[in-house]
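*Asks:* Sequence below, structure please.
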Amino acid sequence: MALPSYMSRRDGRYYMQVRLPQPMVSLSGLRLYRASLRTSDYLQARIRLAECLGWLHRMNDSVDYVDLFQKNVRQLRLYLADPIRISEDRLVARRNFEELLKNLTRRAKAQGCDPDMIEPEFRPLFELFVRQNVKAEALSRRVEGILQYERGRADMQMAISLGAVQASHIPVVPLSPETPVFPAHAADPLTISHNEALKPKPHDFDAGDRHLSKRADGPNIVVAPSRTSLSDVMADTRRSPSFQANDDEQLEDHRVGVEDESAPLKASLRFSEALAAYEEADIRKGGNADGRSIVKLIVQFIIDKMGDPLLAEFDEEATKTLDEMLPHIPDRRNIPREHTGSLAARYDYAQKHGWDNLKRLTEARLKNGYHNALSRFFGWLIEQELYRLPLPKFSATSDENLVSIERDAFSTEEVTKIFSLPLFTGCMSPERIWVKGDCLVQNHLYWAYVISFLTGVRAGELGQIELDDIEAEGGIYYLQLRGFDPKKGRVARKDVKRFKTQSSHRTIPLHPLLLDLGLLDRIDDLRSIGCPVLFPEWEPYPKPGGEMRWGQPLTKSFQYLRGKIGFERFDVTLYSSRHWFAELIDNSKIKDAARRKLMGHTGNNEIPSRYGRKQRLTNHDLTEFAKILSPEINLIAELLMPSKERADRGELRVLKPWLNSANWSVYYREKLGRK
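*Replies:* Residues are numbered from 1 along each chain as shown. Okay, here's the model as predicted:
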């Protein structure tokens, strides 16, 4: 029989054998990856080969360790979602993946690329993966031993029925410490027929449901009835003295998949307890705070409206009830403040007072927010073996749910209105930046608006920028959006800057207009006073859990600016500056791959953009970006440069209150020790 590609045979056993591409050769040190499939059965080998090829082929297009370990983190998450009863074929693939990761980690460290710096989640996920493999292998061995024991017992019963073995040759098996066992009478061996041995009598059942035949003239002979379910087998085996205590604990740890699924969940948690455990676990692994807050919000709705039920009680009927309730939650508008503290309070207000002047949630909020959050929560419960029922499905909507509004880019007229305000052309003072005057105050809001239009960064990314995040190379300045600077070594998890997604870590070349407006002067001034951050006056908003919401200053200023200018379009928000920047790129000759890097988006193949300097654009795209001179860019330059030139000539007073630490935000004063 011809062997399929990627499979070889040696000494009767099959092996996976794949020739690696050149980039992967340099990363792994292997030209030919070879791993045992641990079987001599051809069909089974093909199944195991297919299990392994998925993660190996995904690695093959990696160009550096950053990309490689990001892919491996995603694969680890997939494997960690496996139930503990893992098939032997999948276990082989997992063991091979584990060994390959160990070798890749050693090689990466030897070349000065520590996986902990690339992906802080890699090591804890890998350690959890190894522990899961050990437990799964132990359970697999124990289950196989039990099955062999049962097959042997069935064979013995068959031998008795055929008369091949005398019943007197069957050893006495003590069932438990509570079960009396009488020694065999050596002088008077007992011979009983098969039918007599198997015939149950009322007094033949002990607490363990075993048959115990009693005769005055002979020993007790224990014969177990045939079993049809693995749960019965394991119940019998746990009562056997040969089943040691440590094995019993191990099987209790992995009872999922081997107990009767119809049995009620023992010691089921209530939703409030499960939510607390979920929050603790998500914080420990560095999960997204915004995503966690949505989970807390919607699970609290279950607790408030359904009486904090047990997880085991949340069945298909409860799922349907909740699914039908969610579309009838109103948004906050026109609801008294005292009734907006929770989703349940808003729901109750609408039920009691009717829907006059009230509106329901948008369909996107319902589906992308609450439905997805519930799926994440129940998925985690199932992964942790806390919820035994199938994953609940939530999909109900109402015709009354509002449609979402697509955000649009700013128009030329709207851009003109924004950059014609006194903050950009000359204001009264640092405290009165929206009133026309003879001062130029290029504070954090000034730069936030200009940078957001010319780089497309999100509001929540601006306040965390450090001076060292702006680097020059080859005459071009770059903004490095990254969790920490790897050149300075590792940092504590609490000091890693958080962004919306992994792909938000990116490198953006700065348009020359930013330099013409004096961004480098601000950097030099702040370095001279020992301030390491670009916007020390930026005050983030602390969330209840302690995490900072960084976009708050710019978001609040835009709400004021929106009313001052009189924007009437509902599809224009602060985020429209990103759409404006994206439209600017679309009208240039910059390639689509470069566009995704600049915007911090993933590609269609779901491979995240690479970390740090690896995100640099090609020379072609850098040239195209630097020479973008669209009518929109010319417009912003014509609005901003006159005030900068007037300030340089002394016609406007230049004020820099941020150089005095007394004017810094409370957050940065405390963080940098300038109280």
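*Asks:* For the most centrally placed residue in the chain, grab phi and psi.
*Replies:* The residue lying closest to the centre of the chain (CA atoms, centre = their mean) is residue 287, at 6.4 Å. For residue 287, the backbone dihedrals are phi -70, psi 170 (criterion: degrees, to the nearest 10).
*Asks:* same check, this time on residue 53
*Replies:* Torsion angles at residue 53 (phi, psi; degrees, to the nearest 10) stand at phi -70, psi -30.
*Asks:* what's the answer for the one 4 residues further on, then?
*Replies:* The main-chain torsion angles of residue 57 are listed as degrees, to the nearest 10 and equal phi -70, psi -30.
*Asks:* what about it, how many residues close to it?
*Replies:* Applying other CB atoms under 10 Å, we find 11 residues neighbouring residue 57. (C-beta placed from N, C-alpha, C; glycine too.)
*Asks:* How much space separates it from residue 71?
*Replies:* 11 Å (CB to CB, to the nearest Å).
*Asks:* and the longest helix for the chain?
*Replies:* helix 122-161 (DSSP state H).
*Asks:* just for the stretch 551-675 of the chain, where's the confidence low?
*Replies:* Within the stretch 551-675 of the chain, the ranges that satisfy pLDDT under 70 run 570-572, 582-630, 675.
*Asks:* mind running it again at 50?
*Replies:* Where the stretch 551-675 of the chain drops to pLDDT under 50, the residues are 601, 604-615.
*Asks:* quick one, strands of the stretch 1-150 of the chain?
*Replies:* Listed from the start of the chain, the stretch 1-150 of the chain has strands (DSSP state E, counting those that start in this stretch) covering 7-10, 13-19, 32-36.
*Asks:* Pull out the buried positions in the second one.
*Replies:* In other words, strand 13-19. Residues of strand 13-19 classed as buried: 14, 15, 16, 17, 18 (neighbour count, 16 or more other CB atoms under 10 Å).
*Asks:* The first one too?
*Replies:* Residues of strand 7-10 classed as buried under the neighbour-count rule (16+ other CB under 10 Å) are residue 7.
*Asks:* Check the contact between residue 420 and residue 639; I expect there is one.
*Replies:* Yes: with contact defined as CB atoms under 8 Å, residue 420 reaches residue 639; the gap is 6.1 Å.
*Asks:* and this protein, what are its domains?
*Replies:* Domain assignment for the chain by automatic domain parsing gives 7-120, 271-383, 412-463+512-607+616-671.
*Asks:* With respect to these, which exhibits the lowest mean confidence?
*Replies:* The weakest mean pLDDT among the domains of the chain belongs to domain 412-463+512-607+616-671, with a mean of 81.
*Asks:* Just the terminal-to-terminal distance for that domain.
*Replies:* One end of domain 412-463+512-607+616-671 to the other measures 40 Å (CA to CA, to the nearest Å).
*Asks:* ok, back up a step: comparing residue 420 and residue 639, which residue is more hemmed in?
*Replies:* Shown here are residue 420 and residue 639; by other CB under 10 Å, residue 639 has more neighbours (17 against 13).
*Asks:* contacting residues around the more buried one?
*Replies:* By CB atoms under 8 Å, 6 or more residues apart in numbering, the contact list for residue 639 reads 416, 419, 420, 424, 425.
*Asks:* out of those residues, who has the most neighbours?
*Replies:* Highest neighbour count within those: residue 424, with 23 neighbours (other CB under 10 Å).
*Asks:* count of residues packed around the closest residue to that residue other than its chain neighbours?
*Replies:* Leaving out its chain neighbours, the residue that sits closest to residue 424 by CB to CB, 6 or more residues apart in numbering is residue 640, at 5.7 Å. Burial of residue 640 is recorded as 20 neighbouring residues (other CB under 10 Å).
*Asks:* Residue 390 too?
*Replies:* Neighbourhood size, residue 390 [other CB under 10 Å]: 10.
*Asks:* I'd assumed it was in a helix, is it?
*Replies:* No: assessed with DSSP: H, G, I helix; E, B strand; the rest coil, residue 390 is coil; it does not lie in a helix.
*Asks:* can you pull the contacts of it?
*Replies:* Residues in contact with residue 390 (CB under 8 Å, 6+ apart): none are found.
*Asks:* What pLDDT does the model give it?
*Replies:* pLDDT recorded at residue 390 is 89.
*Asks:* same question, the one 3 residues further on
*Replies:* The per-residue pLDDT reported for residue 393 equals 91.
*Asks:* i'd like the first residue to be 35 from this point on
*Replies:* Yes, from this point I'll number from 35; that puts the last item at residue 427.
*Asks:* which SS state does it fall under?
*Replies:* coil.
*Asks:* Format the domains of the chain as CSV; extra columns: distance to residue 164.
*Replies:* Output for those, formatted as CSV (distance: least, CB to CB, whole Å):
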stretch, distance to residue 164
domain 41-154, 6
domain 305-417, 17
domain 446-497+546-641+650-705, 26
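*Asks:* Which one, of the ones you listed, ends up nearest to residue 507?
*Replies:* Between residue 507 and the domains of the chain, the shortest separation by CB to CB is 8.2 Å, and it involves domain 446-497+546-641+650-705.
*Asks:* who touches the residue nearest to the centre of the chain in this structure?
*Replies:* Residue 321 touches nothing, counting by CB under 8 Å, 6+ apart.
*Asks:* From residue 327, how far out is it?
*Replies:* Noted for residue 321: a distance of 11 Å to residue 327, by CB to CB.
*Asks:* can you check residue 391 too?
*Replies:* Counting by CB to CB - residue 391 and residue 327 are separated by 27 Å.
*Asks:* quick one: which of those two has more around it?
*Replies:* Neighbour count, other CB under 10 Å: between residue 391 and residue 327, residue 327 has more, with 16 against 10.
*Asks:* Could you pull up phi and psi at the more buried one?
*Replies:* Here is the backbone geometry of residue 327 (degrees, to the nearest 10): phi -70, psi -30.
*Asks:* Contacts for stretch 142-162 next, please.
*Replies:* Residues outside stretch 142-162 that contact it (CB under 8 Å, 6+ apart) are 61, 99-100, 103-104, 106-107, 110-111, 114, 135, 139, 319-320, 517, 520, 524, 527, 530, 645.
*Asks:* Where do the strands of the stretch 485-634 of the chain begin and end?
*Replies:* So, for the stretch 485-634 of the chain - with DSSP E, counting those that start in this stretch - the strands run 504-507, 510-515, 540-543, 575-576, 582-583.
*Asks:* Pick the most deeply packed of these.
*Replies:* Of those, the one with the most neighbours on average (mean count of other CB atoms under 10 Å) is strand 540-543, at a mean of 22.
*Asks:* Give the other helices and strands that it contacts.
*Replies:* Using 3 or more CB pairs under 8 Å, 6 or more residues apart in numbering; DSSP states H and E as the contact test, the elements touching strand 540-543 are strand 510-515, helix 626-633, helix 653-660.
*Asks:* Distance from the chain centre to it, please.
*Replies:* On the basis of CA atoms, centre = their mean, to the nearest Å, strand 540-543 sits 24 Å off its chain's mean C-alpha point.
*Asks:* and it, which strands flank it?
*Replies:* Using DSSP bridges, the strands paired with strand 540-543 are strand 510-515 (antiparallel).
*Asks:* quick check: mean pLDDT across the strand it pairs with?
*Replies:* The average pLDDT for strand 510-515 rounds to 83.
*Asks:* one step back: I'd like the distance from whichever strand or helix holds the residue nearest to residue 458 to the chain centre, please.
*Replies:* Using DSSP states H and E, the element containing residue 674 is helix 665-682. Offset of helix 665-682 from its chain centre (CA atoms, centre = their mean): 44 Å.
*Asks:* Can you identify the element that follows that helix toward the C-terminus?
*Replies:* Using DSSP H and E, the helix or strand that follows helix 665-682 towards the C-terminus is strand 687-688.
*Asks:* in the helix or strand just after that following strand, what's buried?
*Replies:* Where DSSP H and E defines the elements, the next helix or strand beyond strand 687-688 is helix 700-705. Of the residues in helix 700-705, 701, 702 count as buried by neighbour count, 16+ other CB under 10 Å.
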